[in-house]
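>>> Next come a sequence and a model predicted from it.
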Amino acid sequence: MADRIVGVLVLLLALGYGLEASRMQVGFLSDPLGPRPFPYIIAVLVGLSALWLIFKPDPSPTWPPARFWPVLGLVLLSLVAYAYLVVPLGFILTTTLEMTLLSLLFGARWWQGLGAALAFTLAVYFLFTEGLGVTLPVGRIFG
């Protein structure tokens, strides 16, 4: 039953995400492929995953042990903070901090988490800005 409830919630999330993706403004002279298909691809994949959860649920799902719930709560809070801080602080700084925090929460050493977070952030930044032509926020304090 838990998988089906999660599946319905994720399906609603995918539908909302797809609806918001349809409202995305793309420049008139942009590449015909451009950044527009990417959110649709994600919405379809998330929707298919949700349908899998709804129609093929795990017959005996297991929940994480109680000691993981505070960590999961911190992950959720950090993602909400990330959403609010990405515009004022910029994508690179905010994403590096978020990825470092997530690495620390899941047991990485700080220097490993920071290094991996910075590499991941820079790779994603250049993929989106150079590869897909999507402008990511540089931050109000830097720009």
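Looks like it came in fine.

>>> separation between G90 and T129?
When distance is defined by Cβ to Cβ, to the nearest Å, G90 is 12 Å away from T129. Yep, even glycine has a C-beta here, placed from its N, CA and C like the rest.

>>> Which one's more surrounded, the two?
Taking other Cβ atoms under 10 Å, G90 and T129 do not tie; G90 has more neighbours (20 against 13).

>>> Provide a list of residues in contact with the more buried one.
The contact partners of G90, by Cβ atoms under 8 Å, 6 or more residues apart in numbering, come to 137-143.

>>> are any of these buried, and which?
The neighbour count (16 or more other Cβ atoms under 10 Å) marks G139 as buried among the contacts of G90.

>>> So which of the contacts of G90 sit within helices?
Of the positions in those, not one sits in helices, assigned by DSSP state H.

>>> want to throw the contacts of G90 into TSV with pLDDT?
TSV is the format used below for the contacts of G90 (pLDDT from 0 to 100):
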residue	pLDDT
P137	88
V138	87
G139	85
R140	85
I141	77
F142	71
G143	66
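
>>> if we take the contacts of G90, which one ends up nearest to F38?
Among the contacts of G90, P137 lies closest to F38 (Cβ to Cβ), at 17.2 Å.

>>> Roughly how far does the closest one sit from V124?
P137 is 13 Å from V124, by Cβ to Cβ.

>>> Give me the most central residue, the protein.
L79 (8.6 Å; Cα atoms, centre = their mean).

>>> residue contacts, that one?
For L79, the contact set (Cβ under 8 Å, 6+ apart) comprises E98.

>>> Do you know the pLDDT at it?
Looking at L79, its pLDDT is 94.
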